[in-house]
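# I would like to see how this sequence folds:
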Amino acid sequence: MRVEVNEDKTAYLTRFGVRSGFGNMGIGKSLMSLVDKLMIEKGVEQLKLHTASTYKELIRFYYGRGFYIDSTSKDRGYIRALLVKKYK
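Residues are numbered from 1 along each chain as shown. You can find the predicted model right below:
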């Protein structure tokens, strides 16, 4: 997991993953809860990330954590969604 915090009170989640075989054990939820706590402590107002928009389980996971799709693009050869979570 890697998060870049910017001076404009936004942050970008550049890496996030749970090792294959360890899914659906609550690890991802726990990690995202930790990120939320740290973002709030740092005064971040908005967390952004990109993910494959056609991977419905992943989109559902992020929606369950309070993210929404802001936009999509095909700049990497597949449909990527920019997801955003607002803290304020």
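# Just the strands from this structure, written as ranges.
2-5, 10-15, 46-52, 68-73, 80-86 (DSSP state E).
# how about the shortest one: buried residues?
If I follow you right, that is strand 2-5. For strand 2-5, burial by neighbour count (16 or more other CB atoms under 10 Å) applies to residue 3. Glycine gets a C-beta too; all of them are placed from N, C-alpha and C.
# CA-only coordinates of it in CSV, if you can.
The C-alpha atoms that make up strand 2-5 are tabulated as CSV, following Å, rounded to 0.1, in the frame of the first residue of the first chain:
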residue,chain,number,x,y,z
ARG,A,2,1.3,3.4,-0.9
VAL,A,3,-0.3,6.9,-0.5
GLU,A,4,1.0,10.2,-1.8
VAL,A,5,-0.2,13.1,0.2
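# Just the mean pLDDT for it, thanks.
Computed over strand 2-5, the mean pLDDT rounds to 94.
# next one: the last one
What strand 80-86 shows for mean pLDDT is 97.
# Only alpha carbons, please: show stretch 18-25 as PDB.
Extracted C-alpha coordinates of stretch 18-25, given in PDB (Å, rounded to 0.1, in the frame of the first residue of the first chain):
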ATOM      1  CA  VAL A  18      -4.100  -8.100  -0.800                       C
ATOM      2  CA  ARG A  19      -2.100 -11.200  -1.700                       C
ATOM      3  CA  SER A  20      -4.000 -13.800  -3.700                       C
ATOM      4  CA  GLY A  21      -5.500 -16.400  -1.400                       C
ATOM      5  CA  PHE A  22      -6.100 -13.900   1.400                       C
ATOM      6  CA  GLY A  23      -9.100 -12.200   0.000                       C
ATOM      7  CA  ASN A  24     -12.400 -11.900   1.800                       C
ATOM      8  CA  MET A  25     -10.700 -12.100   5.200                       C
END
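# All good on my end, thank you.
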